[in-house]
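Participant: The sequence isn't on hand, but the structure is:
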C-alpha cells in the first residue's frame, strides 16, 4: 500500500513541477502574437508541460509480476 502512495505522490509532484515550468516558460519565452499553439496560452503550456512531467515520472510503467 505504501508503494502505491509513494508512486502517486511522486507522479503528482512531477505534474505540478511540469505545470510550473510550463507557466514560467509561457511568461519568459511565450508568444505575444498568438501564432504559437503551445506558448501563446498559459493553460495549454501548463497542461503540455504537466503531461511531460507525468511521462517523466514513470507513472505509466506497468508493475512487474514475479
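Facilitator: Yep, that arrived. Computed from a predicted structure; not experimentally measured.
Participant: For this structure, give the helix that spans the most residues.
Facilitator: helix 2-28 (DSSP state H).
Participant: quick one: average pLDDT of stretch 44-62?
Facilitator: In this model, stretch 44-62 has a mean pLDDT of 87.
Participant: How about residues contacting it?
Facilitator: Contact partners of stretch 44-62, identified using CB atoms under 8 Å, 6 or more residues apart in numbering, comprise 7-8, 10-11, 13-23, 25-26, 37-39. Just so you know, the C-beta spots here come from the backbone N, C-alpha and C atoms, and that holds for glycine as well.
Participant: What subset of the residues you listed is buried?
Facilitator: 11, 14-15, 18-19, 21-23, 25-26, 39 (16 or more other CB atoms under 10 Å).
Participant: I'd like the distance from stretch 29-43 to the chain centre, please.
Facilitator: How far stretch 29-43 lies from its chain's middle: 17 Å, per CA atoms, centre = their mean, to the nearest Å.
Participant: Now do that stretch: distance from first to last residue.
Facilitator: Chord length of stretch 29-43, first to last residue, is 15 Å (CA to CA, to the nearest Å).
Participant: how about it: buried residues?
Facilitator: 39, 41.
Participant: Quick one: the buried ones among the contacts of stretch 44-62 as CSV, columns for distance to residue 53 and pLDDT too.
Facilitator: Listed next are those as CSV, based on distance: CB to CB, whole Å; pLDDT from 0 to 100:
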residue, distance to residue 53, pLDDT
11, 8, 91
14, 4, 94
15, 5, 95
18, 2, 96
19, 7, 96
21, 8, 95
22, 9, 94
23, 12, 95
25, 13, 92
26, 15, 91
39, 17, 83
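Participant: Turn these into JSON lines, including distance to residue 45.
Facilitator: Listed next are the buried ones among the contacts of stretch 44-62 as JSON lines, based on distance: CB to CB, whole Å:
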{"residue": "11", "distance to residue 45": "20"}
{"residue": "14", "distance to residue 45": "16"}
{"residue": "15", "distance to residue 45": "14"}
{"residue": "18", "distance to residue 45": "10"}
{"residue": "19", "distance to residue 45": "9"}
{"residue": "21", "distance to residue 45": "9"}
{"residue": "22", "distance to residue 45": "4"}
{"residue": "23", "distance to residue 45": "7"}
{"residue": "25", "distance to residue 45": "6"}
{"residue": "26", "distance to residue 45": "4"}
{"residue": "39", "distance to residue 45": "6"}
